[in-house]
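Visitor: need coordinates for the below:
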Amino acid sequence: MINIAVCGANGKMGQEVIKAVNSADDMTLVARIDINNGQFATIKDAKDSVNIDILVDFTQPQSIYENALYCLNNNINIVIGTTGLSDNQIEELKNLSESTNTGCLIAPNFSTGAVLMMKFAQTAAKYFNNAEIIELHHNQKKDAPSGTAVKTAAMMSEVNENFASGNCTETETIEGARGANSYNNIHIHSVRMPGFMASQEVIFGSNGQTLKIRHDSTDRECYMPGVLLAIRYVSEHKSFVYGLDNIM
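Guide: Sure thing, here's the model as predicted:
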């Protein structure tokens, strides 16, 4: 059995992870960690009391990096679903994971449909020199752009050098109107509004045609097969992985 601790256990995603782990035949929930009335307030508290094989983290952008450092330095394999890590932080976690031989899987999105959307966008990026991303989330999401949008742009940039081909010189009369200019001139637009959970649309354009690739999450349950897949992978391989696409 794989002993699982969930950090951010009282959050919406944390509660879904707990349900999924409790339904899995090969996993046992050993710790609910949450600063707000959790079984344990900190990862250290849990580690001092129970044996943790893998910690699943769905907390906040401001705490995930320190949580990951603690886990990797204390031989706790970690699956990270919280977004907001910088490229430099991801690289540092990769190096630490490899040096400590401790598993670390970071997934900007655990939905298999969203991962396929990213893969499809990467394939399309070979054939279009213009592309932008619109991501839409509920208004309680703290980081922008979303980790999914950043990961999508990074994947697209691996196969094409410039996604603003032929664009005129632009002047924003209101700052930010064109969104964030990310990898290889892919503009990312973040929408935060009640009524959404998580959606993303990648728009490609060329003379005479447009292509739109969109994914919508309507229930957090859609992430759970990906979370369980990640847990089982880390349990077996204990390596560093960035993106669920690398293990599907």
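Visitor: any idea how far the residue sitting furthest away from the middle of the chain is from residue 73?
Guide: In the chain, counting by C-alpha atoms, centre = their mean, residue 208 sits farthest out from the average C-alpha position, at 34.1 Å. Relative to residue 73, residue 208 is positioned 55 Å away (C-beta to C-beta, to the nearest Å). Backbone N, C-alpha and C define where each C-beta goes, glycine included.
Visitor: next: residue 222.
Guide: The gap separating residue 222 from residue 73 is 33 Å, by C-beta to C-beta.
Visitor: comparing those two, which residue is more hemmed in?
Guide: Taking other C-beta atoms under 10 Å, residue 222 and residue 73 do not tie; residue 222 has more neighbours (20 against 11).
Visitor: quick check, that one in contact with residue 115.
Guide: No. Counting by C-beta atoms under 8 Å, residue 115 is not a contact partner of residue 222; they are 11.2 Å apart.
Visitor: tell me the contacts of residue 8?
Guide: Residue 8 makes contact with 14, 33-34, 57-60, 82, according to C-beta atoms under 8 Å, 6 or more residues apart in numbering.
Visitor: sorry, slip of the keys, the one I care about is residue 186.
Guide: Contact partners of residue 186, counting by C-beta under 8 Å, 6+ apart, are 131-133, 153, 156-157, 163.
Visitor: how about a cut-off of 6 Å?
Guide: By C-beta atoms under 6 Å, 6 or more residues apart in numbering, the contact list for residue 186 reads 131, 153, 163.
Visitor: how about these in JSON lines, adding secondary structure?
Guide: Converted to JSON lines, those look like this (DSSP: H, G, I helix; E, B strand; the rest coil):
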{"residue": "131", "secondary structure": "strand"}
{"residue": "153", "secondary structure": "helix"}
{"residue": "163", "secondary structure": "coil"}
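Visitor: so who does the closest residue to residue 54 other than its chain neighbours touch?
Guide: In space, and not counting its chain neighbours, residue 54 is closest to residue 77: 4.6 Å by C-beta to C-beta, 6 or more residues apart in numbering. Residue 77 sits next to 54, 102-103, 234 when contact means C-beta under 6 Å, 6+ apart.
Visitor: so which two of these are the farthest from each other?
Guide: 54 and 102 (10.3 Å; C-beta to C-beta).
Visitor: now this protein, which segments are flagged as low pLDDT?
Guide: For the chain, not a single residue meets the criterion pLDDT under 70.
Visitor: let me see the ranges of the strands in it.
Guide: Using DSSP state E, the strands of the chain run over 2-7, 27-33, 54-57, 77-80, 104-106, 130-137, 180-181, 187-192, 198-206, 209-217, 240-242.
Visitor: could I get those as JSON lines with distance to residue 97?
Guide: Shown next, in JSON lines, are the strands of the chain (distance: least, C-beta to C-beta, whole Å):
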{"stretch": "strand 2-7", "distance to residue 97": "17"}
{"stretch": "strand 27-33", "distance to residue 97": "20"}
{"stretch": "strand 54-57", "distance to residue 97": "13"}
{"stretch": "strand 77-80", "distance to residue 97": "9"}
{"stretch": "strand 104-106", "distance to residue 97": "4"}
{"stretch": "strand 130-137", "distance to residue 97": "27"}
{"stretch": "strand 180-181", "distance to residue 97": "28"}
{"stretch": "strand 187-192", "distance to residue 97": "27"}
{"stretch": "strand 198-206", "distance to residue 97": "27"}
{"stretch": "strand 209-217", "distance to residue 97": "28"}
{"stretch": "strand 240-242", "distance to residue 97": "4"}
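Visitor: which one of the ones you listed lies nearest to residue 95?
Guide: With C-beta to C-beta, the closest approach to residue 95 among the strands of the chain belongs to strand 240-242: 8.5 Å.
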